[in-house]
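J.: need a structure here:
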Amino acid sequence: MIFFLQILVSGLATGSIYGLVAVGYSVTYTTMSVLNFGLGMWVMLGAMLGLTAYTFWGLNIVFTVAVVVAVVYALAALMERVTVHPFVMAGSSVWIMSTLAVGMLMLNGAQLIWGRDPLRFPSVVGESSIRMFGLGIYPQELLIIVAAVLIMLLLDVFYQRTLTGKALRATAFSFDTAALMGINTDHIARLSFGLSGCLAAVAGILIAPVTTAEATMGTVLGIKAFGIAVIGGLESPKGIFLCGILYGILEGLLSGYLFTGIRDIVGFSLVICLLYFKPEGLFGIKSVEKL
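T.: Modelled structure (predicted):
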């Protein structure tokens, strides 16, 4: 039982990261019907920038997160203007390749700047496990779970209670109608990409103390998060986050009771099976038909 609970906590932490990144796919898709296929690299960028600010520059964690969010938002908004917006306005699907190309540029740039070796990202809450009811729980795992849930709650409040959030929802409902109603859809498009990148970057800061920071850390994570986003339904952030948590728990159980190598086989097979029987996602409304 203790072993099961240990796996459950680790799975919740991993699943929370998957969920945050996967919601990033939803933010741009619902607003512009566009997916940032290089989103995993923004996870890496957040971790690397956070490592630089926190470890090398000596900033405290609050300022570190603020700096990373500001830089990533600016870069993501710039990416939308330069590599996505022109193709979307022209009715071309070249944006698929452009988002992948930006991701590859970020990967190679990170290797040039920070190198190819894994870098240790010290945890702000300590690295000694906490003994609780016979469980050995790492504080960073608890921080990930609490932070991810808090971010999702704040995101929901932003969408439901603020004028900008309502403008995002209106644009998601109908891009053309929102423009006719006076909403600055260009600004909303930049905002959606900036918000998506920031979610991924914060996920990178949270997970790096557990996995170490390295240039390739977002590659597989981004692929898994995309699968989770489609399973949950690209138009349902809450459903996506829930699916991310469940996927993380499944991975933990497979790794704990069987062996690590089988988790990706079973996980991706499950994605394929679920999409075969319910292509719109578990909580979506025919969302895949827009792709």
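
J.: Touching, G232 and K278? I think so.
T.: No - at 10.8 Å, G232 does not count as touching K278 under the criterion of Cβ atoms under 8 Å. Every C-beta, even on glycine, is put in place using the N, C-alpha and C of the backbone.

J.: out of these two, which sits in the more crowded spot?
T.: Higher neighbour count among G232 and K278: G232, with 30 against 14, using other Cβ atoms under 10 Å.

J.: distance of the more buried one from V68?
T.: 26 Å (Cβ to Cβ, to the nearest Å).

J.: Also M97?
T.: Separation of M97 from V68 (Cβ to Cβ): 27 Å.

J.: between the two, who's got more neighbours?
T.: Set M97 next to V68 and count neighbours by other Cβ under 10 Å: V68 wins out with 26 against 12.

J.: residues touching that one, list them.
T.: G46, L49, G50, A53, A201, V202, I205 (Cβ atoms under 8 Å, 6 or more residues apart in numbering).

J.: Recalculate using a threshold of 6 Å.
T.: Going by Cβ atoms under 6 Å, 6 or more residues apart in numbering, V68 touches G46, L49, G50, A201.

J.: so where does it fall, helix or strand?
T.: helix 61-79 (DSSP states H and E).

J.: cool, and G248?
T.: Assigned by DSSP H and E, G248 belongs to helix 237-257.

J.: buried sites along the next helix or strand after that helix?
T.: Using DSSP H and E, the helix or strand that follows helix 237-257 in sequence is helix 261-277. Using 16 or more other Cβ atoms under 10 Å as the burial criterion, the residues of helix 261-277 that qualify are R263, G267, V271, L274.

J.: Stretch 136-144 too?
T.: So, applying 16+ other Cβ under 10 Å, buried residues of stretch 136-144: I137, Y138, P139, Q140, E141, L142, L143, I144.

J.: which one of the residues you listed is nearest S129?
T.: Nearest to S129 among these: Y138, at 5.4 Å, using Cβ to Cβ.

J.: longest helix in this structure, by residue count?
T.: Secondary structure of the chain per DSSP state H: the longest helix is helix 2-32.

J.: Show me what it is packed against.
T.: Judged by 3 or more Cβ pairs under 6 Å, 6 or more residues apart in numbering; DSSP states H and E, the packing partners of helix 2-32 are strand 135-137, helix 139-161, helix 163-173, helix 185-211, helix 217-232, helix 237-257.

J.: Show me how far the last one is from its chain's centre.
T.: Averaging C-alpha coordinates over helix 237-257 and over its chain gives two centres that are 14 Å apart (Cα atoms, centre = their mean, to the nearest Å).

J.: May I have that helix as PDB, with CA atoms only?
T.: The C-alpha trace of helix 237-257 is given here as PDB (Å, rounded to 0.1, in the frame of the first residue of the first chain):
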ATOM      1  CA  PRO A 237      -8.600  22.800 -20.800                       C
ATOM      2  CA  LYS A 238     -10.100  21.200 -17.700                       C
ATOM      3  CA  GLY A 239     -10.600  17.800 -19.400                       C
ATOM      4  CA  ILE A 240      -7.000  18.000 -20.800                       C
ATOM      5  CA  PHE A 241      -5.500  18.700 -17.300                       C
ATOM      6  CA  LEU A 242      -7.500  15.800 -15.800                       C
ATOM      7  CA  CYS A 243      -6.300  13.500 -18.600                       C
ATOM      8  CA  GLY A 244      -2.700  14.700 -18.000                       C
ATOM      9  CA  ILE A 245      -2.900  13.700 -14.300                       C
ATOM     10  CA  LEU A 246      -4.400  10.300 -15.200                       C
ATOM     11  CA  TYR A 247      -1.700   9.700 -17.800                       C
ATOM     12  CA  GLY A 248       1.000  10.500 -15.300                       C
ATOM     13  CA  ILE A 249      -0.500   8.100 -12.700                       C
ATOM     14  CA  LEU A 250      -0.700   5.400 -15.400                       C
ATOM     15  CA  GLU A 251       2.900   5.900 -16.300                       C
ATOM     16  CA  GLY A 252       3.900   5.700 -12.600                       C
ATOM     17  CA  LEU A 253       2.000   2.400 -12.100                       C
ATOM     18  CA  LEU A 254       3.400   0.800 -15.200                       C
ATOM     19  CA  SER A 255       7.000   1.800 -14.200                       C
ATOM     20  CA  GLY A 256       6.500   0.800 -10.600                       C
ATOM     21  CA  TYR A 257       4.800  -2.600 -11.000                       C
END
